[in-house]
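Chemist: Predicted model and sequence follow; I will ask about them next.
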Amino acid sequence: IVGFGGAFTDAAAINILSLKPQLSQQIINDYYSQNGLSYTMGRIPIAGSDFSTRGYSYDDIDDEEEEDLELKKFNLTAEDLHYKIPLLKMAINVRPHLQLFGSPWSAPAWMKDNHNLTGKGGIKGVAGGPYYKAWAQYFVKFLDAYKENGVEILSAQYVSGIGFHWYLNAMSPPTDLDKTYEEFPNVFLLSTEACEGSNPFQEDKVSLGNWDRAETYAYDIITDLLHYTTGWIDWNLALDVKGGPNWAKNFVDAPIIINSTAEEYYKQPMYYSLAHFTKFLAPDSQRINATESGAQILDTIIFETPDNATVLIALNRLNDDIPLNIIDPNLGTFKTTVPSHSIQTYVWYL
């Protein structure tokens, strides 16, 4: 396990910091403290994303004919200085060794062949060309700018990990992760974005108290971890009651929903589903194989943790209670029942 975490989007920071300081701090504690989810990772969008109040990059130019290959106009924005960086510092204060990584939603429009922050445009030219070199330098400037503002982000000279999202899973089975691992065994796999409510056919973008969504989270995490994935990063840490703000109107759900008018926030069932993994699978935990007998109708996964604990997580997505016998040759047998539509975590030590 590399770690678990969430994304410090503009929307998340705007919502969390809209509350009184005590409540803002409490949300960070709910995610990053030992009394909360014990998150150890965080994702930072490089410039804006759809979960911003506007579309932007760090080097925007109004004139479509103009370019800035030397990135002389590169600057952080008010969103970084007033929202994301202050919130990140709150998290770092709670979790001093927080591992952070950045990922862009888009390159500046002038770098792209469609001259737009959105759409299917790619970087102009070919790899190694002037636009790709400017794009690489854009990342370096982002890392340097955040470091100057007291936030250090994970970086490497060469590719050390591969990130993927959970969208369109039905079109991309988990065996694709196995193939990727077999092709690149020295590179870690990390699920870097997930959220409920993103399906255009889901009318309720935010669904308070929805346990089906908690079940979907748990199933996706178990499935990913069974296929060489080393961690799982949720999307927005928090959103408002409409699932925003989002300038593109792509409203979705989040584990914490904030009602700034009432000065309160709500922990969704997804939050508690995440806890079964984030609280018990510390970094460097190692997945182990187990022999299953009988009808394999539970979704299960087993890890050994750095403190020599064995952790079994069992998810029952069926309408019936399912009996479970856990047999450890060193300790004996433990018999239990996993209730219908529930998730259970069992921990034992030698």
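Modeler: On my side now, so go ahead. Numbers count the residues shown, from 1 in each chain.

Chemist: The residue nearest to the spatial centre of the chain in helix, strand or coil?
Modeler: When CA atoms, centre = their mean is applied to the chain, the residue found nearest the centroid is I233 (2.0 Å). Under the three-state scheme (DSSP: H, G, I helix; E, B strand; the rest coil), I233 adopts strand.

Chemist: roughly how far apart are it and R54?
Modeler: 24 Å (CB to CB, to the nearest Å). Heads up, the C-betas are built off the backbone N, CA and C, glycines and all.

Chemist: Nearest residue to G231 in space, please, no chain neighbours.
Modeler: V2 (4.2 Å; CB to CB, 6 or more residues apart in numbering).

Chemist: and if you look at H227?
Modeler: In space, H227 is closest to L177, 3.9 Å off (CB to CB, 6+ apart).

Chemist: Confirm that the one you found sits in a helix.
Modeler: Yes. Applying three-state DSSP, one finds L177 inside a helix.

Chemist: per-residue pLDDT, it?
Modeler: In this model, L177 is scored at 96, pLDDT.

Chemist: what about the spatially closest residue to Y272 that is not a sequence neighbour, how many residues close to it?
Modeler: Distances taken as CB to CB, 6+ apart put A214 closest to Y272, at 6.6 Å, once the chain neighbours are dropped. Residues lying near A214 (other CB atoms under 10 Å) number 23.

Chemist: Check for me that A214 belongs to a strand.
Modeler: No. Counting by three-state DSSP, A214 is not found in a strand; it is helix.

Chemist: my guess is it contacts F277, does it?
Modeler: No. Using CB atoms under 8 Å, A214 is not in contact with F277; the gap is 12.0 Å.

Chemist: Which residue ranges of the stretch 101-250 of the chain form helices?
Modeler: 130-148, 175-183, 211-225 (DSSP state H, counting those that start in this stretch).

Chemist: In terms of secondary structure, what does the longest one contact?
Modeler: This points to helix 130-148. strand 41-46, strand 99-104 (3 or more CB pairs under 8 Å, 6 or more residues apart in numbering; DSSP states H and E).

Chemist: For the first one, which outside residues touch it?
Modeler: Okay, so that is strand 41-46. Contacts to strand 41-46, defined as CB atoms under 8 Å, 6 or more residues apart in numbering, come from residues 2-10, 51-52, 58, 84, 88, 91, 98-105, 138-139, 142, 146, 151, 153, 192-193, 231, 233.

Chemist: Fine by me, thanks again.
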